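> Got a sequence here, can you build the structure:
(2 chains)
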Amino acid sequence: MKLRLVLLAALLAFAAPTWAVKGAIEPLPFQNHAQEVRFQHLTKQLRCLVCQNENLADSNADLARDLRLEVFQLMQQGKTDAQIKAYLVARYGDFVLYQPPLKPGTWLLWFGPAAILLAGGVVVVIAIRRRRRLADNHQGAATAGPSGEAPENTGDDW
Amino acid sequence: MKRLIPFAVFMGLIGLFGFGIWWNTWHDARYVPSPLIDKPAPNFALPKLDAPDETVTKASLLGKPYLLNIFGSWCIACAEEHPVLMADARSLGIPLVGYDYKDDPNDAKRWLADHGNPYDLVIADEPGRTAIDFGVYGAPESFLIDAKGIIRYKHIGPLTPDVIKKELLPRIAAAKREAP
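Got it, this is the predicted structure:
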């Protein structure tokens, strides 16, 4: 039994370094919990360049590890989140940000869906009004009898 | 006439989807345009691979254009690119500077001994810290840096004879015209 324990301890001792190397997300020496929360929040908003559907917080790519360390060091230097983002954007472009910045080149991206929704709404309102007017004309024609004008055929039946 | 409007909208949508399919068949989704084009290359100070005591800096390479090629012995696409560099490095007409990225120097030396060394100079960035300043996100990558230290062009992925002929050589010629 004792021998087994010794063996187990020896095995664990050998295994420990491989955990340290293979550990998916290496622990960083945060000063406090608030800083760790801030770090997690920030790296979740940043894209891993190598595996582009992962964020920096979750990625196990080599570069993501380097960039996490970089973000951590910038935080230790007292840089704000905006400064850290600007630092990465200067090197990798807007692509590192999951949320694209608002600028003339991205207006279509930001406001396009709302514009399309608005255009669709306008089309629907016009169609409803026209249909109502058509229905009114029909009623008018019915009460006016044979002398009434036939409603204008707009050809618009959608 | 009014019946044609929905049809036109429909055809417009078909066109849009068609464009999406066509575009996705050839464009590289992994390609991230560099914000550093036409901007000064970052300052760096890195050791030579074969003489780690000697430091190469951005300033020491100023004065003539050069091609900075990011590679690593661990990088599969670099092995793919390597024969192209071996064949075409001389025809570039400018120095080819190798940038050994996140690599054990001994591995890199062995790799170059095995496959041949197309580089005029090789600098080593084992920790990969300087590569972040260059916006490197995967080897191989190639930067054309002019005599004033401005990044004129970046190619991501292996250089091919076609890319060298169509994209790189005209830009090298332009860079050389400015600073022979």
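
> which residues does whichever residue of chain B sits closest to chain A contact?
Closest approach between chain B and chain A, counting by Cβ to the nearest Cβ: residue B:137, at 3.6 Å. (C-beta placed from N, C-alpha, C; glycine too.) Neighbour list for residue B:137: A:49-50, A:63, A:92, B:32 [criterion: Cβ atoms under 8 Å, 6 or more residues apart in numbering or on different chains].

> ok, now residue B:128?
By Cβ under 8 Å, 6+ apart, the neighbours of residue B:128 are A:62-63, A:66, B:101-102, B:136.

> before we move on, what about residue B:139?
Residue B:139 neighbours (Cβ under 8 Å, 6+ apart): B:70-72, B:75, B:77-78, B:101.

> any chance of those residues in JSON lines, with neighbour count and pLDDT too?
Listed next are the contacts of residue B:139 as JSON lines, based on neighbours: other Cβ atoms under 10 Å in any protein chain shown; pLDDT from 0 to 100:
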{"residue": "B:70", "neighbour count": "24", "pLDDT": "96"}
{"residue": "B:71", "neighbour count": "28", "pLDDT": "96"}
{"residue": "B:72", "neighbour count": "23", "pLDDT": "95"}
{"residue": "B:75", "neighbour count": "20", "pLDDT": "92"}
{"residue": "B:77", "neighbour count": "14", "pLDDT": "94"}
{"residue": "B:78", "neighbour count": "22", "pLDDT": "95"}
{"residue": "B:101", "neighbour count": "27", "pLDDT": "95"}
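
> Columns distance to chain A on top of the residues you listed, output as TSV?
Listed next are these as TSV, based on distance: Cβ to the nearest Cβ, whole Å:
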residue	distance to chain A
B:70	12
B:71	15
B:72	10
B:75	11
B:77	13
B:78	15
B:101	10
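
> follow-up on the earlier one: among the contacts of residue B:128, the buried ones, what's the PyMOL command?
The buried residues among the contacts of residue B:128 can be selected in PyMOL (16 or more other Cβ atoms under 10 Å in any protein chain shown) with this line:
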select buried, (chain A and resi 63+66) or (chain B and resi 101+102+136)
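
> Just the contacts of residue B:139: which are in strands?
Judged by DSSP state E, those include B:70-71, B:101 as members of strands.

> and those as CSV, adding distance to residue A:28?
Formatted as CSV, these follow (distance: Cβ to Cβ, whole Å):
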residue, distance to residue A:28
B:70, 27
B:71, 30
B:101, 23
